[in-house]
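A.B. asks: Fold the following.
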Amino acid sequence: MSTRHEIITDSLYAAIVAWAIDGGWRETSRTKVAINDVWRIYQSVYRRVESDDDAVTALQKCLIALVEQGLVIPLKENNREKITLPVAIWLQPTVTRVKRIVPSMPRWHHELYDLADAWSTATPKQRIRYSTINRWLVSNPDFTPVPLRERALEIFGTFGQETDIAVPEKALDGMRSGPLFGDKDRLCQVLRAFHIPPPLLTKQPLEKVGGGYLHRVGKGNLLVVVENSATWWSVVHTLPPHHNVGYVAWGLGKSFTASIHSIADNHEVSEVRYFGDLDVSGVRIPYSASHIANNNGLPPVQPAANLYSDLLAFGHSWRGTEKALDESQANELVAWLKAEHQRPVAQLLTSGRRIPQEWVGFRHLRQTKEWHADLV
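C.D. replies: You can find the predicted model right below:
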């Protein structure tokens, strides 16, 4: 059974810790507490009874007990009144600081030599990206400049790990600090990549379709809608000389489902071809838009079949960020696709995996012609 002295000592220590935490102490390193503060805290927890020692002696005994337990360390000097109490005490850490383990550095590509100085202080998130970019650089890659998200997908979708990167094409989104990511111009120079500006608005009043944008590319009656901005840019800049496309629109993800009604105002458009990610949202968007178009007498929304063929042939699947569908749900959505694509896409959706559309990027579109059949 605890004695009165032990109870008072425990109460004093708990009160000192609480006071220090209220003052901002994080408990992982020692902190100094002046004796005046110790005395005030002591008076808040101590209620003297007749059999007790005088207050100073009682406090002194409490501090001795705490020192013996390794909870505090006294400063040796006495205070100015020369009483037998220290000027202050060191309150020892209550939480053990986890020793940070710095993994071994890779052998740096010459364009990344300066990262050696930043490696020890980099965050785990930065180190993963530094080392993955380094692996890409030493692999003798094709340095043809491409949109940044296409390059990110190439780097992290090929040399990264699914356990480290949730969405490879967005692996560099939000990276703003450090010797590489803190300098946007240098990052793009090292990656041989460029940012995509918002699409130019070239026609009134059809400059806006909900949240997406139209770009006039010809006099045809076909509207091509592309889910993501990087692929939108790549399609616009690799169109063949002859096609039936009037506009290429950036669908801006889910916005296309709401903006499909706007096509009614454009009598030049007689058909819509859609190309997006092969994941739950990427298939649900055109599936829903197609039903809206059919129910409202709008031009039909058809899949860009050859672009999807290329995506399935050349893209690498990655773990998805959405809940996997059951077989019946998947089969309902993929019914919008061409028959030859339905089974492999349904397998993606039921396994919780995805293929980002950026795999069919600028270099691929420039080097192949099969997808031109989607433009007639």
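
A.B. asks: Okay, helices next: where are they in the stretch 51-200 of the chain?
C.D. replies: Applying DSSP state H, counting those that start in this stretch to the stretch 51-200 of the chain gives helices spanning 55-68, 115-118, 124-137, 148-159, 184-191.

A.B. asks: oh, I was asking about the stretch 251-376 of the chain
C.D. replies: In the stretch 251-376 of the chain, the helices defined using DSSP H, counting those that start in this stretch lie at 255-259, 280-295, 305-314, 327-334, 339-351, 362-367.

A.B. asks: thinking again about what came up before, in JSON lines: the helices of the stretch 51-200 of the chain, plus mean neighbour count, mean pLDDT and distance to Glu169.
C.D. replies: The C-beta positions use only the backbone N, C-alpha and C, and glycine is treated the same way. Shown next, in JSON lines, are the helices of the stretch 51-200 of the chain (neighbours: other Cβ atoms under 10 Å; pLDDT from 0 to 100; distance: least, Cβ to Cβ, whole Å):
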{"stretch": "helix 55-68", "mean neighbour count": "17", "mean pLDDT": "87", "distance to Glu169": "56"}
{"stretch": "helix 115-118", "mean neighbour count": "14", "mean pLDDT": "94", "distance to Glu169": "23"}
{"stretch": "helix 124-137", "mean neighbour count": "20", "mean pLDDT": "96", "distance to Glu169": "13"}
{"stretch": "helix 148-159", "mean neighbour count": "24", "mean pLDDT": "97", "distance to Glu169": "4"}
{"stretch": "helix 184-191", "mean neighbour count": "15", "mean pLDDT": "96", "distance to Glu169": "13"}
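
A.B. asks: Tell me which of those helices sits nearest to His237.
C.D. replies: helix 148-159 (12.0 Å; Cβ to Cβ).

A.B. asks: Can you pull out the residues in contact with that closest one?
C.D. replies: Here helix 148-159 makes contact (Cβ atoms under 8 Å, 6 or more residues apart in numbering) with 129, 132-133, 135-136, 139, 141, 146, 165, 168-172, 188, 191-196, 228-231, 234, 316, 318, 356, 358-359, 361-362.

A.B. asks: what about the residue nearest to Gly182 when sequence neighbours are not counted, how many residues close to it?
C.D. replies: Once flanking residues are discounted, Gly182 sits nearest to Arg176: 6.4 Å by Cβ to Cβ, 6 or more residues apart in numbering. Neighbourhood size, Arg176 [other Cβ atoms under 10 Å]: 9.

A.B. asks: Check the one 5 residues further on too.
C.D. replies: Residues within reach of Phe181, counting by other Cβ under 10 Å, total 18.

A.B. asks: Likewise for Pro241?
C.D. replies: Neighbour tally, Pro241, other Cβ under 10 Å: 5.

A.B. asks: And it, how far from Val217?
C.D. replies: Note on Pro241: its distance to Val217, by Cβ to Cβ, to the nearest Å, is 11 Å.

A.B. asks: distance of Leu311 from Pro299?
C.D. replies: Applying Cβ to Cβ to Leu311 and Pro299 gives a distance of 23 Å.

A.B. asks: cool, Arg366 as well?
C.D. replies: Counting by Cβ to Cβ, the separation of Arg366 from Pro299 is 29 Å.

A.B. asks: Which of these two has more residues huddled nearby?
C.D. replies: Pro299 (18 against 13).

A.B. asks: who touches that one in this structure?
C.D. replies: Counting by Cβ under 8 Å, 6+ apart, Pro299 touches Leu223, Ile263, Val269, Ser270, Glu271, Val272, Ala293.

A.B. asks: so the residue nearest to the third one when sequence neighbours are not counted, which of the three states?
C.D. replies: Spatial nearest neighbour of Val269, excluding adjacent residues (Cβ to Cβ, 6+ apart): Leu223 at 4.6 Å. Here Leu223 is recorded as strand under DSSP: H, G, I helix; E, B strand; the rest coil.

A.B. asks: what about Leu223, distance to Ala249?
C.D. replies: In this view, Leu223 and Ala249 are 6 Å apart by Cβ to Cβ.

A.B. asks: and if you look at Gln189?
C.D. replies: In terms of Cβ to Cβ, Gln189 sits 31 Å off from Ala249.

A.B. asks: same check, this time on Gln329
C.D. replies: 28 Å.

A.B. asks: Perfect, that will be all.
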